[in-house]
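Asks: sequence and computational prediction follow.
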Amino acid sequence: MKDAKTRILELKREARTAEEPAQQHRIQTQIQELEKSKRRLRQRIFEVEDEIIEERDQMISDLEARLQQDISRQELFAVRWAVV
């Protein structure tokens, strides 16, 4: 994303000094594509952050469920022995 921002700034500088309309058009097209790319990257960052938050929330829910477990003790069988 940082590279895209830097490249956009460079292209805007070039656009100010461009004299030919064809060159101006080419530069503006490149700027437009880079800005689209930057928006897609930013959107992907938000999506990843949302995924991380969902995973964290699920982990918290799992921990809360484990804390709520009721542990009970029940005798299943008895062993009797004697030393002879």
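Replies: Perfect, thanks for sending it.
Asks: burial of Arg73, as a residue count?
Replies: Residues within reach of Arg73, counting by other CB atoms under 10 Å, total 4. The way it works is simple: take the backbone N, C-alpha and C, and place the C-beta from them, glycine included.
Asks: residue contacts, it?
Replies: Shown in contact with Arg73 (CB atoms under 8 Å, 6 or more residues apart in numbering): no residues.
Asks: ok, which stretches of the chain are helices?
Replies: Ranges of helices in the chain, per DSSP state H, are 2-17, 21-67.
Asks: now do the first one against helix 21-67, angle only.
Replies: Using axes from the mean of the first three to the mean of the last three CA atoms, to 10 degrees, the interaxial angle of helix 2-17 with respect to helix 21-67 works out to 160 degrees.
Asks: so for helix 2-17, what's the average pLDDT?
Replies: The average pLDDT within helix 2-17 is 85.
Asks: remind me what that helix packs against, helices and strands.
Replies: When contacts are defined as 3 or more CB pairs under 8 Å, 6 or more residues apart in numbering; DSSP states H and E, helix 2-17 sits against helix 21-67.
Asks: contact partners for Ile31?
Replies: Here Ile31 is in contact with Ile8, Leu11, Lys12, Ala15 (criterion: CB under 8 Å, 6+ apart).
Asks: any idea of the pLDDT on the residue nearest the centre of the chain?
Replies: Centroid-nearest residue in the chain, with CA atoms, centre = their mean: Val48, separated by 1.6 Å. For Val48, the pLDDT comes out at 97.
Asks: turn the contacts of Ile31 into a markdown table, including neighbour count and distance to Thr29.
Replies: Putting the contacts of Ile31 into a markdown table (neighbours: other CB atoms under 10 Å; distance: CB to CB, whole Å) gives the following:
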| residue | neighbour count | distance to Thr29 |
| --- | --- | --- |
| Ile8 | 18 | 12 |
| Leu11 | 19 | 10 |
| Lys12 | 12 | 13 |
| Ala15 | 16 | 11 |
